[in-house]
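Colleague: sequence plus predicted model, see below.
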Amino acid sequence: MPESWLNGNGLDRHCQLFRGTVHYPAMLTICPHCQAAYKLGKIDEGTILVCHRCGTEFSPGQTEDTTTGQSLASAKETHVNEQPLSPPPPHTKAHIMPWLLTIILLVTVAGIWSGHDTWMNSPWLRSVLINTGLPLKVRNRDWRIQPGSVQAQWIKRNDGSLILVIEGRVKNLLQCELIPPAIHFSIFTRNDPKHLLLERNLLISQLPLTDDIRRVPYVTPPEDRVPVTALGELSFVLVLANMPKSAGDFTLSAIAGNPG
């Protein structure tokens with residue numbers, strides 16, 4: 001190109017072309033044995049290449065495997081930009097489910113044990129355990145003396161003496177039959193409610209007649225051993241003779257027996 005065609009910046013005044021370095025395009029070559037594809041820059045003629053996948057030595061101009069006869073065009077379609085990859089490591093299954101179930105079971109047992117008293121105070125749970133035949137001891141709190149049912153009165157007997165008669169009802173709080181409980185009776189001094197005069201454990205007997213109560217001496221009827229139905233109530237009458245003249249307030253509480 002005549003020098004007069006170029007300006008001081010190395011530009012052709014007519015074509016406005018830049019002078020610069022020639023860049024050779026990348027060349028695609030394929031291993032004739034395993035068809036792994038590689039992009040190569042400029043290489044010298046006669047260069048021997050080694051495939052990273054299978055280790056085969058070949059020259060860039062070799063385009064077909066003598067054993068398979070696969071053409072270069074077919075290899076380009078299936079192996080362009082392919083890089084040899086190592087097989088992924090085998091996956092190991094995590095066996096966490098048995099451990100998780102074990103932990104949940106241990107936490108549940110620990111929670112039940114820590115709240116043992118709370119669970120055992122549940123009438124529903126205690127009913128279920130007793131109904132299944134477990135040797136579970138009946139507690140005093142499995143019974144409740146109905147507060148509104150309690151009435152006390154002094155009755156004059158045939159000999160003119162006074163006798164204290166207390167009537168009431170006791171309720172079975174469990175959903176199973178129970179033998180009637182005993183009644184714990186405590187009475188305090190009239191002028192000093194904190195001073196205990198006497199206390200007794202009285203069995204619930206069959207209901208006496210009024211004439212029998214007035215008779216001297218009073219003969220207590222046989223003990224009532226008929227089981228109280230689930231969530232049922234039982235009426236009782238307590239007859240107390242020879243009470244101190246200073247007797248005042250009294251308290252009643254149920255004393256449980258064994259499950260029926």
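Modeller: Arrived safely.

Colleague: could you chop this structure up by domain?
Modeller: Partitioning the chain according to automatic domain parsing yields domains covering residues 1-83, 97-131, 140-255.

Colleague: remind me which residues of the protein are low pLDDT?
Modeller: 1-26, 41-42, 61-97, 99-100, 106-121, 257-260 (pLDDT under 70).

Colleague: biggest strand in it by residues?
Modeller: The residue-count maximum for a strand in the chain (DSSP state E) belongs to strand 162-172.

Colleague: send me it as CSV with only the CA atoms.
Modeller: The C-alpha trace of strand 162-172 is given here as CSV (Å, rounded to 0.1, in the frame of the first residue of the first chain):
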residue,chain,number,x,y,z
LEU,A,162,-78.4,-35.2,122.0
ILE,A,163,-76.8,-36.9,119.1
LEU,A,164,-75.2,-35.2,116.1
VAL,A,165,-76.5,-36.4,112.7
ILE,A,166,-74.7,-35.4,109.5
GLU,A,167,-76.1,-36.2,106.1
GLY,A,168,-74.5,-35.7,102.7
ARG,A,169,-73.5,-37.2,99.4
VAL,A,170,-70.1,-38.3,98.1
LYS,A,171,-69.3,-38.4,94.3
ASN,A,172,-67.2,-40.9,92.4
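
Colleague: buried ones in whichever helix or strand comes after that strand?
Modeller: On the C-terminal side of strand 162-172, the closest following helix or strand by DSSP states H and E is strand 182-189. The neighbour-count check on strand 182-189 (16 or more other CB atoms under 10 Å) flags 182, 183, 184, 185, 187, 188 as buried. C-beta: built from backbone N, CA, C; applies to glycine.

Colleague: nearest to residue 166, of those?
Modeller: When those are compared for distance to residue 166 (CB to CB), residue 185 comes out closest, at 7.6 Å.
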